[in-house]
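Undergrad: this is the structure alone, sequence omitted:
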């Protein structure tokens, strides 16, 4: 098997300090978390940003400050989110791309985030998906195609066939979101089997499913995403720090005798140009 890429998603758009004191929300906090996670084995970081009230933002200035500080302190692959404020316009959602990241998220469908209070409809129209994919293509930013269910993979393959996403494509299989596909071994195997043969993939398990889905991804030859965006706990009732979740994934990979990739090795695996 190729070496394992560990992606850390430290912030997301949901958890706040009232939920856990360990979620980083300022540019300095996110950069510090990036540094600590790199020391534990992370090779990429998925970046969401917050405003002064901890609300999710796509503001270019906030993203630029955050990305610059991450780059100064780490060699991590920077992947920005284009989905943090899904109610914003297409141009607003594309603002983080102006920071020239190596990668960016691209969700290829809409779904209900049924578990949130109040429930949220995450809208990604064909027009929005195409707009963001074309922007990434023009700027030589590699998309991470986010698939919350099987149909999202089909839409991602359509983008590849239309030349909007270059091969080899990279997918994120999101398992266990309330409103998306449930997290089970059978579902993960089925999702993986729908991918193009030359594609790479990372698995993100939500909440209590993070550890079992991480284990399966390591054994299946995929890559893993961990972090407080998806899961606040390292064990039942024990709040986690991002770097602890990265270390847990690294230790698990070591026990299963799969080496962990450095950021530069991850760039080779993902067919990224040197930054």
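TA: Structure's in. What do you need? Keep in mind that this is a model prediction, so the values were computed, not measured.

Undergrad: list the contacts for residue 228?
TA: By C-beta atoms under 8 Å, 6 or more residues apart in numbering, the residues touching residue 228 are 9, 10, 11, 12, 15, 20, 22, 23, 240, 242, 245. All C-beta atoms are positioned from the backbone trio N, CA, C, and that covers glycine.

Undergrad: from the contact counts, what lies against the helix or strand where the last one lies?
TA: It stands for residue 245. Per DSSP states H and E, residue 245 falls inside helix 242-255. Contact analysis of helix 242-255 by 3 or more C-beta pairs under 8 Å, 6 or more residues apart in numbering; DSSP states H and E lists strand 6-8, helix 27-40, helix 210-220, strand 223-226, strand 233-235 as its packing neighbours.

Undergrad: for the most centrally placed residue in the chain, give me its contacts.
TA: The chain has residue 46 as the residue nearest its centroid, 4.8 Å off, counting by C-alpha atoms, centre = their mean. By C-beta under 8 Å, 6+ apart, the residues touching residue 46 are 7, 8, 9, 10, 79, 81, 105, 144, 225, 227, 229.

Undergrad: what's the burial count for the closest residue to it other than its chain neighbours?
TA: Residue nearest to residue 46 in three dimensions, not counting chain neighbours: residue 9, with 4.1 Å by C-beta to C-beta, 6 or more residues apart in numbering. Residues lying near residue 9 (other C-beta atoms under 10 Å) number 24.

Undergrad: and what of the one 10 residues further on?
TA: Counted by other C-beta under 10 Å, the residues lying close to residue 19 total 12.

Undergrad: now the contacts of residue 228: which count as buried?
TA: The neighbour-count test (16 or more other C-beta atoms under 10 Å) marks 9, 10, 11, 12, 15, 22, 23, 240, 242, 245 as buried among those.

Undergrad: mind putting those in a markdown table, distance to residue 183 included?
TA: Listed next are the buried ones among the contacts of residue 228 as a markdown table, based on distance: C-beta to C-beta, whole Å:
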| residue | distance to residue 183 |
| --- | --- |
| 9 | 16 |
| 10 | 21 |
| 11 | 22 |
| 12 | 17 |
| 15 | 19 |
| 22 | 23 |
| 23 | 22 |
| 240 | 18 |
| 242 | 21 |
| 245 | 16 |
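
Undergrad: looks to me like residue 106 is in a strand.
TA: Yes. Residue 106 sits within a strand when classified using DSSP: H, G, I helix; E, B strand; the rest coil.

Undergrad: wait, it sits on residue 135?
TA: No. Residue 106 lies out of contact with residue 135 (C-beta atoms under 8 Å); the separation is 9.7 Å.

Undergrad: who's more crowded, the two?
TA: More crowded of residue 106 and residue 135, by other C-beta under 10 Å: residue 106, with 29 against 20.

Undergrad: need the contact list for residue 31.
TA: 66, 69, 70, 72, 73, 74.

Undergrad: look up phi and psi at the last one.
TA: The main-chain torsion angles of residue 74 are listed as degrees, to the nearest 10 and equal phi -140, psi 170.

Undergrad: swap in the fourth one?
TA: Here the main-chain torsion angles of residue 72 (degrees, to the nearest 10) amount to phi -70, psi -30.

Undergrad: quick check: it vs residue 30, distance?
TA: Noted for residue 72: a distance of 12 Å to residue 30, by C-beta to C-beta, to the nearest Å.
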